[in-house]
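Colleague: What shape does this take:
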Amino acid sequence: MGTGGEKANSEQKEKPPFDPKAWRARLDALGAEDFLPEGLPDEPPVEPDASISFD
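Modeller: All right, here's what the predicted structure looks like:
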């Protein structure tokens, strides 16, 4: 008697193409329009950590 893992689903499930407008509308519906209304903050670039070396 098998464990049930012998059968494989050979049918490929079609994934609908990504719809950025629908994604954005969903974010807005969840309240994302208030997230960073002025855009990304001006932050200086992070200085590299001198204690990390890949040599």
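
Colleague: From now on I want contacts and neighbour counts done on CA atoms only, so please keep to that.
Modeller: Noted.

Colleague: How confident was the prediction at residue 10?
Modeller: As predicted, residue 10 sits at a pLDDT of 65.

Colleague: again with the one 3 residues further on
Modeller: Looking at residue 13, its pLDDT stands at 82.

Colleague: got a list of what it touches?
Modeller: Taking C-alpha atoms under 8 Å, 6 or more residues apart in numbering as the definition of contact, residue 13 has no neighbours.

Colleague: so it is in which element?
Modeller: Using DSSP states H and E, residue 13 maps to neither a helix nor a strand.

Colleague: So for the most centrally placed residue in the chain, what's the pLDDT?
Modeller: Central residue check for the chain by C-alpha atoms, centre = their mean: the C-alpha nearest the mean position is that of residue 23, 11.7 Å away. pLDDT, residue 23: 92.

Colleague: for the one 3 residues further on, same thing?
Modeller: If you check residue 26, the pLDDT there is 91.

Colleague: counting contacts, what elements does the strand or helix carrying it pack onto?
Modeller: Per DSSP H and E: residue 26 is located in helix 20-29. Contacts defined by 3 or more C-alpha pairs under 8 Å, 6 or more residues apart in numbering; DSSP states H and E place helix 20-29 against no helix or strand at all.

Colleague: In CSV, list the C-alpha atoms belonging to that helix.
Modeller: Only the C-alpha atoms of helix 20-29 are listed here, as CSV (Å, rounded to 0.1, in the frame of the first residue of the first chain):
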residue,chain,number,x,y,z
PRO,A,20,-0.5,46.0,-12.0
LYS,A,21,-3.7,48.2,-12.2
ALA,A,22,-5.7,45.6,-10.3
TRP,A,23,-2.9,45.2,-7.8
ARG,A,24,-2.7,48.9,-7.2
ALA,A,25,-6.5,49.2,-6.9
ARG,A,26,-6.4,46.4,-4.3
LEU,A,27,-3.6,48.2,-2.3
ASP,A,28,-5.6,51.5,-2.5
ALA,A,29,-8.8,49.7,-1.3
